[in-house]
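*Asks:* Let's see this in three dimensions:
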Amino acid sequence: MKLQDPVTITPRLLPGIKVGGTYISIEYDRLPGAEGRARYRWYADLPSGKSFSGNDLQSGCGGGSLQFGLESLLDFLIACGESWNYNRENGENSNLFPREVVEWTAENVDELTMAECELTENPEAIVE
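*Replies:* Numbering: from 1, shown residues only. The predicted structure follows:
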């Protein structure tokens, strides 16, 4: 696997990014996705030492790359943080992640947006 900015190898030895002291990592999950979709496992390792993960992220039909999965994850994190900043607990997307991750995304929306832009501008940030 070959990685380019903004992607790095995280402490989990997975591709990901570091934003606001938090490492966001991604890998393919062992469980297959629905209807030929790729299922991803994501991790958020916060500066507090707490870690969160999930395998609820899937690609579109026909599968997807790790880069696609990371871009999608960042999109959801950004939507969650923006929603929290707009309307706290009542925001449309403010419950997509565990509360501590939500609060971290709200504090780091601008940095997450910049990382997502850098990632989409470099289609070879993760070459598998």
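
*Asks:* Output the below-cut-off pLDDT ranges for the chain.
*Replies:* 89 (pLDDT under 70).

*Asks:* what's the closest non-adjacent residue to the most centrally placed residue in the chain?
*Replies:* Central residue of the chain (C-alpha atoms, centre = their mean): Leu73, 3.3 Å from the mean position. Spatial nearest neighbour of Leu73, chain neighbours left out: Trp42 (5.2 Å); criterion: C-beta to C-beta, 6 or more residues apart in numbering. To be clear about C-beta, it is placed using only N, CA and C from the backbone, and glycine gets the same treatment.

*Asks:* wait, the one you found sits on Ser25?
*Replies:* Yes. When contacts are counted by C-beta atoms under 8 Å, Trp42 is listed as touching Ser25 (7.0 Å).

*Asks:* biggest helix in this structure, by residue count?
*Replies:* Longest helix in the chain, counting residues (DSSP state H): helix 66-87.

*Asks:* Could you name the helices and strands sitting against the very next helix or strand once past that one?
*Replies:* With elements assigned by DSSP states H and E, the helix or strand that comes after helix 66-87 is helix 99-107. Contact partners of helix 99-107 among helices and strands, from 3 or more C-beta pairs under 8 Å, 6 or more residues apart in numbering; DSSP states H and E: helix 66-87.

*Asks:* try it again with 10 Å
*Replies:* strand 22-28, strand 39-45, strand 51-58, helix 66-87, helix 109-121 (3 or more C-beta pairs under 10 Å, 6 or more residues apart in numbering; DSSP states H and E).

*Asks:* Tell me which residues touch the residue nearest to the centre of the chain, please.
*Replies:* Contact analysis of Leu73 by C-beta atoms under 10 Å, 6 or more residues apart in numbering lists 16-17, 24-26, 40, 42-44, 54, 57, 97, 112, 116.

*Asks:* coming back round to it: what comes up buried for the longest helix of the chain?
*Replies:* 66-74, 76-84 (16 or more other C-beta atoms under 10 Å).

*Asks:* Gly81 and Arg39, how far apart?
*Replies:* According to C-beta to C-beta, to the nearest Å, Gly81 and Arg39 sit 24 Å apart.
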